[in-house]
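Trainee: My questions are about this predicted structure, shown below with the sequence.
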Amino acid sequence: MSKQKARAPRGTLKRVFSYLKGYRFFLIFSLFLALVSVISALYLPVLIGNAIDCIVGKNDVKFDTISQIFLQAGIIILVTALAQWLMNVCNNKMTFGIVRNIRNDAFRHLQKVPLSYLDTHKTGDIVSRLIADTDQFSDGLLLGFTQLFSGVLTIIGTLIFMLWIHPGITLVVVLVTPLSLFVAAFIAKRTHKMFQLQAEIRGKQTALMEEAIGSHKVVVAFSQEDELLEKFNDINCKLQKASLQATFFSSITNPSTRFVNSLVYTGVALTGALTVMSTGGASLSIGALSTFLAYANQYTKPFNEISGVVTELQGALACAARIFEVLDSDVEISDAKCKNHLSNARGAVTFQNVNFSYVPDHPLIQNMNLTVAPGQRIAIVGPTGCGKTTVINLLMRFYDVSSGAILIDGVNIQDIPRKELRSSLGMVLQETWLRAGTIRENIAFGKPDATDEEIIAAAKAAHAHSFIKRLPHGYETVIGEDGGALSQGQKQLLCITRLMLSPPPMLILDEATSSIDTRTEQKIQKAFATLMQGRTTFVVAHRLSTIRESDLILVMKDGNVIEQGDHESLLLQQGFYAKLYHSQFEESQGGTP
Amino acid sequence: MRKLLRFLKPYSKEAALGPLFKMLEALFELFIPLVVADIVDVGIKNGDSHYILKRCAIMVALGVIGLVCSITAQYFSAKAAVGMATGMRGALFAHIGRLSYAQTDRLGTATLLSRTTSDVNQIQNTVNLVLRLFLRSPFIVFGAMIMAFTVSPKAAMTFVVTIPALSVVIFGIMIISIPLFRRVQSKLDRVLGLTRENLKGARVVRAFVREQESIEEFSAANSELTRLQRFTGRFSALLNPLTYVIINFSILAIVYLGGVQVELGHLETGDVIALYNYMSQILVELIKLANFIILITKSCASAARVNEIFDTPSGMTKSDFYTEEESQESIGSVEFRNVSLSYHKESDPSLSDISFYAPAGATVGIIGGTGSGKSSLVNLIPRFYDVTDGAVLVNGHDVRSYSNPDKLREQIGIVPQKAELFAGTVRENLLWGNATATEEEINEALRDAQALDFVAQMEGGLDAVIEQGGRNLSGGQRQRLTIARALVRRPKILILDDSASALDFATDAALRRALANLSYRPTIFIVSQRTASIKNADAILVLEDGRIMNQGTHAELLERCPVYREIHEAQFKSTEVTTA
């Protein structure tokens, strides 16, 4: 489907034009300026020709007239230059504005796509569409604006001037030039696919690089540099081939059209010379012939430019198509119509016959039922891959249930605006995510207007204050992408602090404290205990203490809740939980003296 | 830019032939006005239509030759430019692979990506154009100038004024716009960084309902980029109009001066027309050249950014301790002798004065608070970093004595803290550990890593597809696969860097039992936060602030190390109560 779209540049073009709408004024103004600059540029040779006509021979040069003509010519030159510059300014404004809008739209769109889209598309690929493709698109568009208008106008203008001088010879020009357009169109059609292939391979390469660079350390640990390099070189070779094809075949356009032009030029010289001879200079003087030749050159030149621009635009359109593909992905179902509100959730959570699968025909969660009273703590335990994370995905509505319903305070969460739902649920994920920026910015992520006191208080509560203080610039320390040089534990502490700052009525903790050393963890557990008071909390738990203190333990296996109850009752059941528990218990008991 | 020219070397033949054919084409182009002059001066004057036809045939022939030359030139220059870019990308990628972890941290993935992609593309386009135009344009400019001088040296003196004026304009604009383009690129980098970050953190962004703010931040950065692009565009757009003004005023001057010469009887009218034509020809080429210089300035910025990567020295220095690695029998003993490590010269050492000896087959537990240096310590064994002081010995030999660190690393199986997998199949990921592993060996490693069951359940089993970053697996599954990946090579030394954190307790316990019973008995280093994971170790190192605070067995440490006792009791109590 995606390929089909990219191959249909006509639709793409239409969409590009829709982005142009906001710049109608600049477009008209730019067209007008192009007209001014073309007319004045075309008129200049006439003036200079007139001046040359004043130079007849020895002691027969009319300097008075020449001075007059030159005054006009000077003004014309300045007008042309000014119009050219202003036109460029307009085109700049339009192009970069359009690209900005497209980028903004795409980014905004990405905030609305379901997470399944982001989970199934490579980040590097999306990024390359949003950045590299838009960049190439803007280059092509700018060139298009700048050269297409003035090119077309120059052709029309020259045609008029030529008709004015001699309609017969103009006919020769008009008859031969379409050949140039034909050649250009032919080549453009052929190369479009090549450009597309090139963009596709480039996307693949970017994805590979992202993986290799992002997980550099693992690559080094397993000495896989060479293997990855081989893979990379393989794609690189393919890219070289595709690139060479696209570049070479598109670059044939220019020489080919230039060749057609030289045919035009020869045609004019031939018919012109014969006309001059046969009429004895009555219908065409030698001077007029040379002007004509100059015009013939000028007439065909824009064809070169236009064909160059057309190839460039083809490339730009291929890029645009790839961006629009992102824009065309489905967004989450709008919840603007949701009338229910969740301003102060009490925290009663109910799962009613919930079924869910990531991939159709591969059911994961089947018929899950659960009732949680406000303020309860629910521990989710079970072997890895049993569906614990999925429960969280469903609670946060990162994914929607396939059937059944999840209710909060008796309201189906699908009837609550996502924003309100998510604001009521605080989450610390297993994978830390921090932004490039200062520590303070990271902590205040959920509450940008937090005061210093609030931030420090939250950091203290999460026991992050002491390590932050020891950083070179304290809270103003800039950390790189993905937390940069911070240790996993420090990153996790920051994530917890982020949540501490404005704790919502319900919490989701996903193995959040797994990489923090025990001493710190103890303190955090205490802080969490305070935090959890009165708040419904779901914990994907590993600590026995956490599990033991929970009101309800969900034992999950293969997507199903196979047992639920509190610690004592579950142990009495002698089931899966008891088995899990004992394996851990025996282990820790074994080495204790 | 000059430094990058080495990538053009393999294509020096193409790079020379491209411009050469382009010049040939230009040469034929310079002939055409002469032929036209012949038609006018001889053909028309004598009324010889046969002569005119012959001249026109010559013009067509010149056109055909020009076409052939030009297409040949396009091919060679495209080949050279694309080849150069391909080589550059390959070298960049290889170089990035050799950078140390600290260096890639500093540069950031986004930067490295954009330099390998868009910057290299920019250079490719420019080189392609340079090869086609750079010789051709000056050739025509100088050719036309020489012709002008032969016609009338006095009138042609205008060129002496025009050319310096043009140079000032062109170079002036170039000097100012290079830094501008560089700034545009850095703004683009920022937009790229924001996008990447947002996509990676989509869950957190949505959980905190920060979509609107992210959009605003992105829009702001995007607008800033646009503003700068427009400003730079406005400025560099001055180039064309300015050259147009200069050249056309020179034409006026040349016509006027020509007129004076005609008045004096030194020149004919036709000569003035010729002078005018040459000036026009120069104008056309200079406009091309000016546009082209804008492109070059843009690319110089790109080239500088690419060079910056190349200039980042690869992390590992060549060894001064080189001995013959063949003589080193791999037994698996590890010794640290007064080891200190600082990541940066200015910063506090991450490790100081670490000494211990782990005989082959021993299990060493490492425990300590966040930032105490646990990971740094184990990272020294496969020589991810070089010690600042002291020495790390594996098999009794300094790790720096391996001329090729891979020889050292292939004896070591490391499971990093962050479980990272790669797009491909399960099998492909596991073969990283040992490319020649048999199906049996793979299954054994999976069994030991407690991953056999879930891999068997995946569609395709060993050939199940893993998405980029292992996104389609849970954290615990990823960790177990990374453990299996390390076990597949049956390492002499196994390093587990807190790598069971996402495992539930049952799996964790089973894993530890399996590791204790590995048939090939590797030396095992276990970094952990939990005493339960390491209490059976032969020796436990308690780290604090980069120093070994205490070392001994579990029982010894309980007795004499209050910190260890505290950690243990905190964890032990929780289990004790439940069993009561």
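Mentor: Looks like it came in fine. Numbering: from 1, shown residues only, chains lettered A, B, ... in the order given.
Trainee: Can you name the residue of chain B nearest chain A?
Mentor: residue B:476 (2.5 Å; Cβ to the nearest Cβ). All C-beta spots, glycine's among them, are computed from the backbone N, C-alpha and C.
Trainee: Look up how far residue A:387 lies from that residue.
Mentor: Distance, residue B:476 to residue A:387, using Cβ to Cβ, to the nearest Å: 12 Å.
Trainee: domains of chain A?
Mentor: A:2-327, A:349-590 (automatic domain parsing).
Trainee: these two touch, right, residue A:36 and residue A:83?
Mentor: Yes: contact between residue A:36 and residue A:83 holds when scored by Cβ atoms under 8 Å: they sit 4.3 Å apart.
Trainee: neighbour count winner among the two?
Mentor: Neighbours per residue, other Cβ atoms under 10 Å in any protein chain shown: of residue A:36 and residue A:83, the larger number sits with residue A:83, 22 against 18.
Trainee: Can you classify that one by secondary structure?
Mentor: Here residue A:83 is recorded as helix under DSSP: H, G, I helix; E, B strand; the rest coil.
Trainee: got the buried residues for the helix or strand the residue of chain B closest to chain A falls within?
Mentor: Using DSSP states H and E, residue B:476 sits within helix B:475-487. Buried positions in helix B:475-487, judged by neighbour count with 16 or more other Cβ atoms under 10 Å in any protein chain shown: B:475-487.
Trainee: Show the subsequent helix or strand relative to that helix.
Mentor: Once the chain leaves helix B:475-487, the next helix or strand it forms, by DSSP H and E, is strand B:493-497.
Trainee: so how far is that next one off the chain centroid?
Mentor: 30 Å (Cα atoms, centre = their mean, to the nearest Å).
Trainee: Establish whether it and chain A are in contact.
Mentor: No: using Cβ under 8 Å from any Cβ of the partner chain, we find that strand B:493-497 stays clear of chain A, coming within 8.9 Å at best.
Trainee: Mind giving me the packing neighbours of the next helix or strand after that strand?
Mentor: Counting by DSSP H and E, the element after strand B:493-497 in chain order, helix or strand, is helix B:505-516. Counting contacts by 3 or more Cβ pairs under 8 Å, 6 or more residues apart in numbering or on different chains; DSSP states H and E, helix B:505-516 packs against helix A:576-590, helix B:439-448, helix B:475-487.
Trainee: quick one: average pLDDT of helix B:505-516?
Mentor: What helix B:505-516 shows for mean pLDDT is 83.
Trainee: and if you look at stretch B:255-266?
Mentor: Mean per-residue pLDDT for stretch B:255-266: 84.
Trainee: Just give me how far that stretch sits from the chain centre.
Mentor: Mean-position distance between stretch B:255-266 and its chain equals 61 Å (Cα atoms, centre = their mean).
Trainee: quick one: contacts of it?
Mentor: When contacts are defined by Cβ atoms under 8 Å, 6 or more residues apart in numbering or on different chains, stretch B:255-266 is touched by residues A:48, A:51-52, A:54-61, A:63, A:66, A:70, B:152, B:154-155, B:157-158, B:267-269, B:271-272, B:275-276.
Trainee: Repeat the analysis, applying 6 Å as the threshold.
Mentor: A:51, A:55, A:58, A:61, B:152, B:155, B:267, B:272, B:275 (Cβ atoms under 6 Å, 6 or more residues apart in numbering or on different chains).
Trainee: try stretch B:52-61
Mentor: Surrounding stretch B:52-61, the residues in contact under the criterion Cβ under 6 Å, 6+ apart are A:266, A:270, A:273, B:35, B:38, B:39, B:43.
Trainee: any chance of these in a markdown table, plus pLDDT, distance to residue A:136 and secondary structure?
Mentor: Formatted as a markdown table, the contacts of stretch B:52-61 follow (pLDDT from 0 to 100; distance: Cβ to Cβ, whole Å; DSSP: H, G, I helix; E, B strand; the rest coil):
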| residue | pLDDT | distance to residue A:136 | secondary structure |
| --- | --- | --- | --- |
| A:266 | 86 | 38 | helix |
| A:270 | 86 | 43 | helix |
| A:273 | 81 | 46 | helix |
| B:35 | 78 | 41 | helix |
| B:38 | 74 | 46 | helix |
| B:39 | 78 | 45 | helix |
| B:43 | 75 | 50 | helix |
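Trainee: ok now do residue A:329, which residues does it touch?
Mentor: A:113, A:117.
Trainee: and it, helix, strand or coil?
Mentor: coil.
Trainee: Let me know the pLDDT of it.
Mentor: pLDDT, read off for residue A:329, is 84.
Trainee: looking at the domains of chain A, which is closest to chain B?
Mentor: domain A:349-590 (2.5 Å).
Trainee: and that closest one, how far from the chain's centre?
Mentor: Counting by Cα atoms, centre = their mean, domain A:349-590 is centred 31 Å from the centre of its parent chain.
Trainee: ok so, going back, closest to residue B:69 out of the helices and strands packed on helix B:505-516?
Mentor: Counting by Cβ to Cβ, residue B:69 lies closest to helix B:475-487 out of these; the figure is 56.8 Å.
Trainee: contacting residues around that closest one?
Mentor: A:384-385, A:430, B:413-415, B:419, B:421, B:430, B:432-433, B:445-446, B:448-451, B:454, B:470, B:499, B:502-503.
Trainee: Kindly recompute the last result at 7 Å.
Mentor: With Cβ atoms under 7 Å, 6 or more residues apart in numbering or on different chains as the test, helix B:475-487 has contacts from A:384-385, A:430, A:511, B:413-415, B:419, B:421, B:426, B:429-430, B:432-433, B:445-446, B:448-451, B:454, B:470, B:494, B:499-500, B:502-504, B:507.
Trainee: Look up how far residue A:269 lies from residue A:259.
Mentor: Between residue A:259 and residue A:269 the computed distance is 16 Å (Cβ to Cβ).
Trainee: Residue B:514 now?
Mentor: Distance of residue B:514 to residue A:269, computed by Cβ to Cβ: 90 Å.
Trainee: Quick check: residues of the stretch 301-450 of chain A near chain B?
Mentor: Applying Cβ under 7 Å from any Cβ of the partner chain, we find that the stretch 301-450 of chain A lies next to chain B at A:381-385, A:389, A:396, A:398, A:419, A:422-423, A:427, A:429-430, A:433, A:435-436, A:445-446, A:448.
Trainee: Inside helices: which ones of those residues?
Mentor: Of these, the ones assigned to helices by DSSP state H are A:389, A:419, A:422, A:423.
Trainee: now, the most widely separated pair of those?
Mentor: Longest distance between any two of these is 22.1 Å, between A:389 and A:419; criterion Cβ to Cβ.
Trainee: so how many other residues sit close to the closest residue to residue A:373 other than its chain neighbours?
Mentor: Take residue A:373 and drop its neighbours on the chain: the residue closest to it by Cβ to Cβ, 6 or more residues apart in numbering or on different chains is residue A:348, 6.1 Å away. Counted with other Cβ under 10 Å, residues neighbouring residue A:348 total 18.
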